[in-house]
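Chemist: predicted model, plus sequence, below.
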Amino acid sequence: MSLFKQLVLMLGLFLGVILVSVMMLNFKTATEFVQNQLYTDAKNTAHSLGLSLSKVADPSDTSTMETMINAIYDSGYYQRIRLVDIDGKEVYNRESDMRVSNVPQWFIKMVPIHNAIAKSDIMIGWNRFGTLEVSGHTGNAYRQLYDTMIDLVKTFLMIGTVVFVFLYVLLSLSLKSLKRIREQAKAIIDNEFIIEKKIPFTTEFRSVTIAMNAMVEKVKDIFDRENETLRRYHELLYKDTETGLYNRRYLTAKLPEYLQSDVSLSSGVYLLVSIDEIDRFKRECGYEHYNHLINTLADGLNTGLSPFPSSLIVRLNESDFFATIPASGIISVQLCIESLMARMRTLIESIDNHLVEYLTIGCGVGIYSENDTLKSLLSRADHAVTQAKLQGNFTVDFNLEGDETLVLGREEWRSELLKSLDESRMLLAFQSVVEQRSDHLNVLHEEIFLRLLDRDGVIHSAGYFIPVATSLGLIDVLDRYMVEKVFKHIKEQNPVTPLALNLSGDFVKKYVNIQWLRTQLEIFHRQSSLILWFEVSNTTALHELEAVSAVSTMIKQFGYRFGIDHFTIPEAGAYYLQAIRPDYVKANGAYLQDMMFDKDTGKSRESFNNITRSLGISIIAINIEEAQDVERLKALGIDCFQGTYIAPVSLLQ
Amino acid sequence: MAAIAAILLSSPEFSIAKVFLDKIEKEYGVFAKRRAYALVSMMNDVKDADEMEKMEKVNDFFNQTPYASDKETWGVSDYWATRLEFIGKDKADCEDFVIAKYFTLKELGVPTSKLYMTYAKSIRYKSAHMVLTYYATPKSVPLVLDNYNYKILPASQRDDLIPIYSFRGDELFNAKQAQIGKLVPAATHQKRPWDELIISQHKE
């Protein structure tokens, strides 16, 4: 029971007791008053009637006295008027039953009114004739009292309500800060760090808030420091110092996200720019020219590819520059790359006309797909560059092979995709994610993938159709389809292992989709106790931060888990994790080894762990292909794995 | 032996506290103090006498006080003085005589059921009057204790008075109480100290 409720209850009780007591006292006073009034009235009547009767008292003829008594009795409100003589013998008596209209019987029973009899002596001259007894009618008294009670109850209810509402408002105002304190405390438990700017007025609350703020500040500080350490380490590890571009190591760590994820990055254009004899150039023309040359090339690539989101540019070695431009066709990059070549020529010629004789720049452009590996991609790129260089300096070789999937047949693709949904040719596949602790093996969840069964009976992985579906704007249709299909599967098969579903960026960024998912989950949540895990890619998390945070919060409300797939710490640092607050991240095994195996200080490992632990994030290593990956990662303290070595992707039957 | 028996049989002695006497002296003067003392000794004298003798003595004692209207004594048209005020002022009108006699007789053990206050018209003075009446039995002709006629006579011999109405003593005082106290009618919580001249009774 919250403090507020307790206080309200106490207040209500207190107020109730006070009001009821005051009401009862009031009622008691009224009862006494009415009773006294009754007696006084009776007494006044007894004396005035007694005085009148004394004038006409006649023991032999009582008719005049009777008439007078009748007159008074009938015109007033009396229960009894009785005349007895000196011997106690009744001379005359008028009496009526007590009949009380408009007053409930329980009230008469509950409230006793003592109806005292007023007496007066009747005289004949100096002698006593008898005694007159008068008692007033209690009915009148009861009616008065009952009306008084109703009035009292009404008034006190009104006063009680007004006072209660007033106190309630006051109380909620002063306890408002307590609610915020509670929220802050709860946030701390959830590893969420809120600084409460509004310091409460109440001293006790104030010190609590200040203390919590200080604590949060400290934790935030630690987070910031670790973040900075990690960012610097990242830069040192993955950045080329001369151009500021990423290096080959980064490509190795990052490429799996491009090739294997179910997002639209899995196919697109690659390009490789290679400069021959760069060492000689450096030797002969000096470092300054060399530096200018490679930076011009790097800047050219950066600006030229800036319109393409998610494009990745790396410097493989001194002379080779590589880029992937996902979800694009060769035509879209052709212009940019040709103008870059022209600029390079102008630059080199401006340094020395003779340079072009040995300083050869070639560029190979081609298409990559989800079937590529780093090795195959680089060898194809190498081949293309060699071709280009053979064709002459500053030549670009376009390898159009495999380009038709993207460029051609958009309408065919659309109808094929929609048909495959109709015909249930879109299949579910899964891959197990395990937790390995000493000899104990536990399946954490099964990650769900979509597979397309084409008309020829060939099964294609997501990379085959997702980029097209993205460019056709069909990706959220596919996501909804997947969610519905998974729910159907759970309903039919009733699996015990949790399932993990990937949500695409295009799905997440539309509010209607989140609303739709919430509705689906509400229904699902009532029907099944199976825990669901939801994932978005790192790229989505970075670019759709607000939407992803909303989805994460929504999903956690159901008690489900939320994670980030293909996690790498971006240049801006890990702050986005604070906003999204994922339960887990899936990171490439190679990347994790880079991050955690810091030969020099071991500091990056500590920082990485501090950041993830401070936010309560668990780490899952993915792309595990060999036994030794598992061993190495285990040595680094990671025990959740996913990859072909652990379990292959298989179709869900 | 006889003396001891007399003491044992006799009623307790009346007395008045010294503090109280001093108070009377301070407020009304030394003569008032003496009058109070005289009252106590008169009461002691008749404490074992019969009702008739008690009435005679009490009637005589109070009738020594001269009559004066309320207007004269208190400056208001109607004022019911307590016995203390009666003794203190040494002036009274008819109600004051009735009150003083009534409470003294009550203290002397005369049953209040026999004592009535009777409103009567005085034919001689052509004025509203009040007398204390004593009914030996409910049906008997009452005796009249008056401050005009000092002698106690049966009502049948008092042609100069026309009885109007009688009240039991206590009843009337309660009603008067209500008027004086400015209280709600018939409230009995607060009493005017009609017998505030505290005369205590104790065995010697």
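Modeler: Received, thanks.
Chemist: now residue B:147: how far from residue B:77?
Modeler: Per C-beta to C-beta, to the nearest Å, residue B:147 is found 19 Å from residue B:77. (Glycine included, C-beta is placed from N, CA and C.)
Chemist: higher neighbour count, the two?
Modeler: Using other C-beta atoms under 10 Å in any protein chain shown as the criterion, residue B:147 and residue B:77 rank with residue B:147 on top: 24 against 8.
Chemist: who's in contact with that one?
Modeler: Shown in contact with residue B:147 (C-beta atoms under 8 Å, 6 or more residues apart in numbering or on different chains): B:62, B:63, B:67, B:92, B:94, B:97, B:131.
Chemist: just give me the neighbour total for the one residue in the stretch 101-250 of chain A that gets nearest to chain B.
Modeler: Residue of the stretch 101-250 of chain A nearest chain B, by C-beta to the nearest C-beta: residue A:126 (3.6 Å). Counted with other C-beta under 10 Å, residues neighbouring residue A:126 total 23.
Chemist: and what of the one 10 residues further on?
Modeler: Other residues lying near residue A:136 total 26 when counted by other C-beta under 10 Å.
Chemist: contacting residues around it?
Modeler: Residue A:136 is in contact with A:38, A:39, A:41, A:42, A:45, A:77, A:78, A:79, A:115, counting by C-beta under 8 Å, 6+ apart.
Chemist: dump those to CSV, plus distance to chain B.
Modeler: Formatted as CSV, the contacts of residue A:136 follow (distance: C-beta to the nearest C-beta, whole Å):
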residue, distance to chain B
A:38, 9
A:39, 5
A:41, 9
A:42, 9
A:45, 13
A:77, 17
A:78, 17
A:79, 17
A:115, 13
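Chemist: okay, and which of these map to strands?
Modeler: If you go by DSSP state E, those have A:78, A:79 in strands.
Chemist: nearest to residue A:157 among the contacts of residue A:136?
Modeler: Residue A:157 lies nearest to residue A:38 out of those, by C-beta to C-beta, at 28.5 Å.
Chemist: local confidence estimate at the residue lying closest to that closest one once chain neighbours are set aside?
Modeler: Leaving aside its chain neighbours, residue A:38 sits nearest to residue A:136 (4.3 Å; criterion: C-beta to C-beta, 6 or more residues apart in numbering or on different chains). With respect to pLDDT, residue A:136 has a value of 87.
Chemist: quick revisit: list just the nearest of the contacts of residue A:136 to residue A:397.
Modeler: Closest approach to residue A:397 among the contacts of residue A:136 (C-beta to C-beta): residue A:38, at 120.2 Å.
Chemist: re earlier: only the buried subset of the contacts of residue A:136, as a ChimeraX command please.
Modeler: Written as a ChimeraX command, the selection of buried residues from the contacts of residue A:136, which uses 16 or more other C-beta atoms under 10 Å in any protein chain shown, is:
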select /A:38,39,41,42,45,78,79,115
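Chemist: output the contacts of residue A:136 as CSV; include the columns pLDDT.
Modeler: Output for the contacts of residue A:136, formatted as CSV (pLDDT from 0 to 100):
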residue, pLDDT
A:38, 88
A:39, 88
A:41, 88
A:42, 89
A:45, 90
A:77, 83
A:78, 87
A:79, 87
A:115, 82
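Chemist: how about the residues of chain A by chain B?
Modeler: Residues of chain A lying close to chain B (C-beta under 8 Å from any C-beta of the partner chain) are A:33, A:36-37, A:39-40, A:43, A:47, A:50-51, A:54, A:86, A:120-121, A:123, A:125-128.
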